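> below is the sequence, then the predicted model.
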Amino acid sequence: MKTIGIIAEYNPFHNGHQYQLEQVREQTGADYIVIAMSGNFVQRGEPAIYDKYTRTRIALNAGADLILEIPVMFATSSAEDFAACGVSLLDQLGVVDGLCFGSECGDIPALTQVANILAEEPAEYTAFLRQYLKQGESFPKARLQALAKVNENTALLSSPNNILGIEYLKALYRRNSSIQPFTIKRSGHDYHDSNISEQFASATALRKAIAESVFPTLHAQMPGFAYQILTEATPVFPDDCSLLLNYQILKLIDSGMDLTAFLDVSSELADRIQRQCLEFDTFTGRIQNLKTRQYTYTRISRVLLHLLLEITDEQAQTYRRKDYNSYARVLGFRKQAEPLLRQIKEHTALPLVTKIADAKKKLPEDAWQVLRQDLHCSHLYQAIVQHQSRTVSGNEYTQPIVII
C-alpha cells in the first residue's frame, strides 16, 4: 500500500490543487493521499477564506483520502515552523511513503542543496546572516543575501513555493525521515499574482475575486463541485477580525501584559503596537501602520494574529521540543480509506482524534491543552461566520468530521 502526503491550506482550492492530486496518482501510483491542512487560520497570518470543514469537503471530493489538521500554533507561524509541523505530522503517522509539493523550479536536487545548507547552518552562512540582520534587513532578505555568499542557487529563495519546498526538505533532513520527496513544477500564474487570465490562477487572485464577488470568473478556476460548495459557504476576510483585534489589544495593554510574550513579537514591535493601541483601525490598516523595512506585511499580520489568538512564544518553544504534534486530528476521510485508518492506528504513536467530546479523556494533559487552544480559535472563527451570515452555525463539539 503506497501513501503520499501533501501539506496544504487550500485557501481556496483551485485547478492547480486538483492537478497536483491527479499527478500524484499518475506519477506515483499512490493508493492513498493524506493531507496535512491548516485549520481556520493560515500561515499568511489571516483567517482562512473558508472554514476548515468546507475546505475538507472539497479536498475529499477532489480525490484526497484523509484530511488531518495542522495545529493553529504552527499553521499560523513561520514557513519553517509550518513545514516542520506538517512534516512531523505526516512522518509520525508511520505510513507515509512520499511527500509531494509544488515548486516553481521543479528541481529536487537544486532545492535539496539549498535545504541542506539552511538545515546545517555552516559558520560562514551564519556569519553573513547575522551581518545582514544587523544592517536592518528583514529575515527573508538577510537569508537570501547570506545564501548568495555560499551558494549559487539563491534565485530559488525568491519564489514562494520554492521556499516552502526547501523548508519541507529541510524538515525531512533534520528528522532523518524515510519519506521521499518529489515536486510538481508549478504552471500558470505566479503565487502572488492577483490577475485571473489562465487555467491555473493563484490563490491570491481567487481570494481577490471572492472579495470582489466576481463569482462567475471563479467558475473556470476550480472544479465544478468546489465552486458549488463555496457558493454555499460564508467567506471570511482579515478585516472581519478587526473588532476582535482592537478589543484584544486594548485588553492586553490595559492588563499590563508583556506583548513580547507572544509568538514573533519583538521588543520594537511591542513598543510600536503599544504606541498605536488607540489608533483604532481595521486589521489590514494596523498592518500597514506597523510595517517597516525590517518587518514585512506577512510578519506583522502573523504578529497581530498571534495576539488575537493568544499564541505565546513559550508555547511554541515547548511544543517544538515535543516534536510539534502530540495528536492527529481527523477533519475528514473517504469511506474507501478505512484500510488506511486501520494501518495508521497500527503504526502511529499519535492518538487519533475523531470526536472532540471524547478527546479530553483520551489525550495526555499537554496534548489536550494544544487541542483546547485550537478549539478556542475555531470558535472565534465560527463566531465571525455566524455574525457575517446571520445564521446559527455549529461548533467544534457538534460538528461531525466530514465523511464521503
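Now that the structure is in, tell me what you want to look at.
> buried set for the lengthiest helix in the chain?
Counting residues, the longest helix in the chain under DSSP state H turns out to be helix 365-389. By neighbour count with 16 or more other C-beta atoms under 10 Å, helix 365-389 contains the buried residues 367-368, 370-371, 373-375, 377-378, 380-382, 384-385. Glycine gets a C-beta too; all of them are placed from N, C-alpha and C.
> what's that helix packed up against?
helix 72-75, helix 297-309, helix 313-321, helix 356-362 (3 or more C-beta pairs under 8 Å, 6 or more residues apart in numbering; DSSP states H and E).
> what's the mean pLDDT across the shortest one?
What that stands for is helix 72-75. For helix 72-75, mean pLDDT is 98.
> how far off centre is it?
7 Å (C-alpha atoms, centre = their mean, to the nearest Å).
> name the helices or strands packed onto that helix?
Short answer (3+ C-beta pairs under 8 Å, 6+ apart): helix 72-75 packs on strand 41-42, helix 79-92, helix 313-321, helix 365-389.
> want to throw those into CSV with mean pLDDT?
Output for these, formatted as CSV (pLDDT from 0 to 100):
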stretch, mean pLDDT
strand 41-42, 98
helix 79-92, 97
helix 313-321, 96
helix 365-389, 95
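> and which of the buried residues of helix 365-389 is nearest Y50?
V385 (9.3 Å; C-beta to C-beta).
> what residues are up against that closest one?
The contact partners of V385, taken as C-beta atoms under 8 Å, 6 or more residues apart in numbering, are D51, T234, V236, S393.
> at 10 Å what do you get?
40, 47, 50-51, 54, 233-236, 240, 391, 393-394 (C-beta atoms under 10 Å, 6 or more residues apart in numbering).
> just those: which are in helices?
Those of the contacts of V385 lying in helices (DSSP H): T54.
> kindly reformat the contacts of V385 as CSV containing pLDDT and neighbour count.
CSV is the format used below for those (pLDDT from 0 to 100; neighbours: other C-beta atoms under 10 Å):
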residue, pLDDT, neighbour count
N40, 98, 27
P47, 98, 27
Y50, 97, 23
D51, 97, 23
T54, 97, 23
A233, 94, 18
T234, 95, 19
P235, 96, 20
V236, 97, 22
D240, 97, 19
T391, 79, 9
S393, 74, 17
G394, 80, 13
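> out of the contacts of V385, the closest to D107 would be?
Among the contacts of V385, and counting by C-beta to C-beta, the member closest to D107 is Y50, at 32.7 Å.
> now render the buried residues of helix 365-389 as CSV, adding distance to A84.
Output for the buried residues of helix 365-389, formatted as CSV (distance: C-beta to C-beta, whole Å):
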residue, distance to A84
A367, 18
W368, 22
V370, 15
L371, 19
Q373, 18
D374, 18
L375, 23
C377, 20
S378, 22
L380, 25
Y381, 24
Q382, 28
I384, 29
V385, 30
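> between these, which is nearest A203?
The closest of the buried residues of helix 365-389, once distances to A203 are taken by C-beta to C-beta, is Y381, at 18.3 Å.
> not counting its neighbours along the chain, what's nearest that closest one?
Spatially, and ignoring its direct neighbours in sequence, Y381 is nearest to N40 (3.9 Å; C-beta to C-beta, 6 or more residues apart in numbering).
> for the stretch 51-200 of the chain, which spans come out with low pLDDT?
Along the stretch 51-200 of the chain, the model assigns pLDDT under 70 to residues 187-199.
> where along the stretch 101-250 of the chain do the helices fall?
Taking DSSP state H, counting those that start in this stretch as the criterion, the stretch 101-250 of the chain contains helices spanning 108-120, 123-134, 139-148, 160-175, 203-211, 215-218, 224-231, 242-254.
> between those helices, which one is closest to N11.
Of all these, helix 203-211 sits nearest to N11, with 5.5 Å by C-beta to C-beta.
> mind putting the helices and strands packed on helix 72-75 into a markdown table with distance to Q336?
As requested, the helices and strands packed on helix 72-75 are arranged in a markdown table below (distance: least, C-beta to C-beta, whole Å):
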| stretch | distance to Q336 |
| --- | --- |
| strand 41-42 | 29 |
| helix 79-92 | 20 |
| helix 313-321 | 33 |
| helix 365-389 | 28 |
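> quick check: which of those is nearest to R186?
R186 lies closest to helix 79-92 among the helices and strands packed on helix 72-75, at 16.2 Å (C-beta to C-beta).
> now do that closest one against helix 297-309, angle only.
70 degrees (axes from the mean of the first three to the mean of the last three C-alpha atoms, to 10 degrees).
> ok, and for helix 79-92, which residues are buried?
Those would be 79-92, for helix 79-92 by 16+ other C-beta under 10 Å.
> and for stretch 295-305?
Neighbour counts over stretch 295-305 (16+ other C-beta under 10 Å) mark Y295, T296, T298, R299, I300, S301, R302, V303, L304, L305 as buried.
> the fifth one and E268 touch, don't they?
No: the criterion here is C-beta atoms under 10 Å, and I300 misses it with E268 at 11.7 Å.
> what is in contact with the two at once?
T292.
> tell me the phi and psi of I179?
Geometry field for I179 lists phi and psi as phi -60, psi 130, criterion degrees, to the nearest 10.
> how near is it to Y173?
Distance of I179 to Y173, computed by C-beta to C-beta, to the nearest Å: 11 Å.
> between these two, what contacts are shared?
Common contact partners of I179 and Y173 (C-beta under 10 Å, 6+ apart): V87.
> tell me which of the helices and strands packed on helix 365-389 sits most buried.
helix 72-75 (a mean of 26; mean count of other C-beta atoms under 10 Å).
> check contacts around the spatially closest residue to I311 that is not a sequence neighbour.
Spatial nearest neighbour of I311, excluding adjacent residues (C-beta to C-beta, 6+ apart): L263 at 4.9 Å. Shown in contact with L263 (C-beta under 10 Å, 6+ apart): 73-74, 76-78, 81, 302-303, 305-307, 309-317.
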